[in-house]
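Trainee: Whatever this is, show me its structure:
(one chain, ligands or ions: 2)
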Amino acid sequence: MKHVLIPTKLDKVAKDILTAKGYAVVQDAETDMATLAQQHPETEALIVRSEKVTPAIIDALPNLRTVVRAGAGYNTIDIKYARRKNVDVMNTPGANANGVAEEVFAMALAAYRHVVPADVDTRKGGWEKKKFMGRELTGKTLGIVGLGNIGQLVAKHSYGFDMKLLAYDPVVSESKAQEYGAKLVGLEQLFSEADIITLHIPENDETRGMVNKRLLSLVKKGAMLINCARAGIVNEDDIRAIKAEKELLFCTDVFPADEAGPKPVADIADVMLPHLGANTKEANFTAAKRAAEQIVAYFESGVNTYVVNKGIPDDLNENYQQLAYRLALIARSYIGRGTPVRQIRCSFYGELSKFSKWFYSPICAALSEHFEFQQDPEEALRYLQEKGIGFELRNADESKRYGNSMTIDLESGAKVVSLRGTITENNLMVSRLNDFDHVYFVPRGNAFIVEYCDRPGVLSMITRACGDADINIEDIHAPRDSEAKHAIAILKTSKPVPPEMVEAVGKEVNAKVAFTVNLS
Ligand SMILES: NC(=O)C1=CN([C@@H]2O[C@H](COP(=O)(O)OP(=O)(O)OC[C@H]3O[C@@H](n4cnc5c(N)ncnc54)[C@H](O)[C@@H]3O)[C@@H](O)[C@H]2O)C=CC1
Ligand SMILES: O=C(O)CCC(=O)C(=O)O
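Mentor: Ligands and ions are numbered 1, 2, ... in the order given. Below is the predicted model:
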């Protein structure tokens, strides 16, 4: 039975769907998430809305396999940490988009027609027609930043108001924008020409602080900025600086934290709502339903379409990362764990060349157990720099026709080791080790590797030692190098060969190198 924790206000449809499928569901929106995590360490799936999913929460749930954000924005979830812990994070794209798109018009109309202050004043007995002179949406230019699920619906809903549409989205094509009646323009043009600018982009390293002094200096006098995306996208101090001069109207639904208390933005916001964009019965139902259905599909059919932290591009076969890890692990063991690696050189051939950076972390994980396989490529490069290990990505010489394969060389002072590998018939395959071409062994299980000066009888000494130690040999390859001086015995053994036996065999056969490596 799978255990699901829902520490948030979410339509009961999620719990109903999961319970009907036999899942054990705890839903509790009153207790804080840290306490719930302590109380339910059996949790395998977590469904959240805007709650923060921190490393501490992830660590408190050792069985966690997936976190589902019932919604679009997942900036409150530490997706990188989740990846490192093998936790898949999903969102439910589009499920609540209409709620936000309608809120945009609620805000624009409220700001143009002074709905909130006029209501307050009229209730107090006022009758301020001149003070509350409004403006109309019809004929105005609407600038949509981010033409995704929400942006597209904003475009569609604007048709009734007969507005001119501009859009900025680096991923969307001109023809796609035209389908929504929008003209694709640059960000600067959009800010200069739009009467109303509405933001529908995620908050990430690229977009944080994107709406700044420079862009705001371009807006027309009396323009309106609507932020129903995330607070961090807009530099609110820069709005404060130009608000009076530009007579800028500012509507916001998003704040640095979803919590009660004074709002520093209150002095510059014309309309301010407590993150209500997706807070409709319809959006809550749809997002809850989608979250539950995605969990069922994930556990029962392995569907990972909505995973946002896969860590690698969709079209890269993850087994190639395993290959990089195993090649580097064998190379590391060949050099000897006690000898520091000083230089890594690698080449990625064929289709793999465009994915080069995705092999950096598996290589680092093979060098150090303190580095995790799923860390970012940038973290891997930083790690190597900190450790003083040189890294060279060589241009792959495609004239060699190696297909989709990789070569990983490690250097440590005098010792250099080079391995090449590929995947054939879905098996990881080591094809070369130093000058030993065509070694063709599958890097899995316990390997015992001995390199020696080629002469009769050595192989039988090694296999006899294994038999004497009650170690079964499951597979054996013993190619000679290109000059036929050395041979290498690569044995796959039923259990690990103990270190004292490695040493004894090494001495007996006068080995150049003898080592074991666990490739399970
Ligand atoms: N206020 C609320 O209650 C809600 C807010 N949101 C926020 O709205 C955001 C957008 O939601 P959706 O439209 O559902 O997401 P989406 O993923 O469907 O669309 C986002 C669009 O932004 C574009 N984009 C990404 N970076 C960009 C950049 N630097 N400049 C211009 N365009 C860029 C993407 O290409 C994509 O087309 C979410 O990330 C979330 O933060 C979402 C739902 C509810
Ligand atoms: O769940 C909510 O109310 C917030 C929705 C939201 O911001 C999102 O889906 O990104």
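Trainee: Output stretch 122-132 as CSV, restricted to C-alpha atoms.
Mentor: Provided in CSV are the C-alpha atoms of stretch 122-132 (Å, rounded to 0.1, in the frame of the first residue of the first chain):
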residue,chain,number,x,y,z
THR,A,122,-19.5,54.6,-1.3
ARG,A,123,-20.2,52.5,1.8
LYS,A,124,-18.9,55.4,3.8
GLY,A,125,-21.6,57.6,2.2
GLY,A,126,-19.4,59.1,-0.5
TRP,A,127,-20.4,59.9,-4.1
GLU,A,128,-17.1,60.5,-5.9
LYS,A,129,-17.8,60.3,-9.7
LYS,A,130,-14.9,62.6,-10.7
LYS,A,131,-12.4,61.0,-8.4
PHE,A,132,-13.2,57.6,-9.7
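Trainee: roughly how far is it from the heart of the chain?
Mentor: Computed by C-alpha atoms, centre = their mean, to the nearest Å, the chain-centroid distance of stretch 122-132 equals 52 Å.
Trainee: pLDDT on that stretch, on average?
Mentor: Averaged across stretch 122-132, pLDDT comes to 98.
Trainee: Now do Pro7, the pLDDT please.
Mentor: Per-residue pLDDT puts Pro7 at 98.
Trainee: Val430 now?
Mentor: 97.
Trainee: repeat for Asn309
Mentor: For Asn309, pLDDT reads 89.
Trainee: give the contact list for it.
Mentor: Contacts for Asn309 (C-beta atoms under 8 Å, 6 or more residues apart in numbering) come out as 79-80, 82-83, 88-89. To be clear about C-beta, it is placed using only N, CA and C from the backbone, and glycine gets the same treatment.
Trainee: ok, now with 7 Å
Mentor: Counting by C-beta atoms under 7 Å, 6 or more residues apart in numbering, Asn309 touches 79, 82-83, 88-89.
Trainee: Strands - which of the residues you listed land there?
Mentor: 88-89 (DSSP state E).
Trainee: The residue of the stretch 151-300 of the chain found nearest ligand 2 and Ala257: what is the separation?
Mentor: Closest to ligand 2 within the stretch 151-300 of the chain is Ala278: 3.7 Å, counting by C-beta to the nearest ligand atom. According to C-beta to C-beta, to the nearest Å, Ala278 stands 17 Å off from Ala257.
Trainee: which one of the two has more residues nearby?
Mentor: Ala278 (26 against 11; other C-beta atoms under 10 Å).
Trainee: In space, what's closest to the more buried one - neighbours in sequence excluded?
Mentor: Once flanking residues are discounted, Ala278 sits nearest to Asn96: 3.6 Å by C-beta to C-beta, 6 or more residues apart in numbering.
Trainee: The one you found and His275 touch, don't they?
Mentor: No: look at Asn96 against His275 with C-beta atoms under 7 Å: they stay out of range, at 11.5 Å.
Trainee: Comparing those two, which shows the higher neighbour count?
Mentor: Asn96 (28 against 18).
Trainee: quick one: that one from Ile6, how far?
Mentor: Asn96 is 16 Å from Ile6, by C-beta to C-beta.
Trainee: cool, and Ala167?
Mentor: From Ala167 over to Ile6 (counting by C-beta to C-beta), the distance is 36 Å.
Trainee: How about Ile57?
Mentor: Taking C-beta to C-beta, one finds Ile57 at 14 Å from Ile6.
Trainee: Could you identify the most distant pair in the contacts of Asn309?
Mentor: Ile79 and Asp88 (9.6 Å; C-beta to C-beta).
Trainee: Pull the residues that contact the helix or strand containing Leu166.
Mentor: Counting by DSSP states H and E, the element that carries Leu166 is strand 164-168. With contact meaning C-beta under 7 Å, 6+ apart, strand 164-168 is reached by 141-145, 147, 151, 155, 158, 177, 181-187, 190, 193-194.
Trainee: So among the residues you listed, which ones count as buried?
Mentor: Neighbour-count burial (16 or more other C-beta atoms under 10 Å) applied to these gives 141-145, 147, 151, 155, 158, 177, 182, 184-185, 187, 190, 193-194.
Trainee: filter those residues down to the ones near ligand 1?
Mentor: 145, 147, 151 (C-beta under 6 Å from any ligand atom).
Trainee: dump the residue contacts of the closest residue to ligand 2 within the stretch 51-200 of the chain.
Mentor: With C-beta to the nearest ligand atom, the shortest gap between the stretch 51-200 of the chain and ligand 2 falls at Gly71, namely 2.3 Å. With contact set as C-beta under 7 Å, 6+ apart, Gly71 has these partners: 49, 91-92, 96, 278, 287.
Trainee: ok, and which of those residues reach ligand 1?
Mentor: Counting by C-beta under 6 Å from any ligand atom, the members of the contacts of Gly71 near ligand 1 are 96, 278.
Trainee: Turn the contacts of Gly71 into CSV, including pLDDT and secondary structure.
Mentor: Listed next are these as CSV, based on pLDDT from 0 to 100; DSSP: H, G, I helix; E, B strand; the rest coil:
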residue, pLDDT, secondary structure
Arg49, 96, coil
Asn91, 97, strand
Thr92, 98, coil
Asn96, 97, coil
Ala278, 97, coil
Ala287, 98, helix
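Trainee: and the contacts of Gly71, which two are the farthest apart?
Mentor: Most distant of the contacts of Gly71, by C-beta to C-beta, are Asn91 and Ala278, 11.7 Å apart.
Trainee: The residue of the stretch 351-500 of the chain found nearest ligand 2 - nearest residue in space that isn't next to it in sequence?
Mentor: Closest residue of the stretch 351-500 of the chain to ligand 2, C-beta to the nearest ligand atom: Asp376 (23.3 Å). Taking C-beta to C-beta, 6+ apart, and ignoring the residues beside it in sequence, Asp376 has Lys80 as its nearest neighbour in space, at 6.6 Å.
Trainee: Let me know how buried that neighbour is, in neighbour terms.
Mentor: Lys80: 16 surrounding residues under other C-beta under 10 Å.
Trainee: Helices of the stretch 301-450 of the chain, start to end?
Mentor: 319-335, 360-367, 377-386 (DSSP state H, counting those that start in this stretch).
Trainee: right, so of these, which gets closest to ligand 1?
Mentor: Nearest to ligand 1, of those and by C-beta to the nearest ligand atom, is helix 377-386 at 19.0 Å.
Trainee: other SSEs contacting that closest one?
Mentor: helix 360-367 (3 or more C-beta pairs under 7 Å, 6 or more residues apart in numbering; DSSP states H and E).
Trainee: and the nearest residue to Val87 once chain neighbours are set aside, how many neighbours does it have?
Mentor: Among residues not flanking Val87 along the chain, Leu64 sits closest, at 5.2 Å (C-beta to C-beta, 6+ apart). Number of residues near Leu64 (other C-beta under 10 Å) recorded here: 25.
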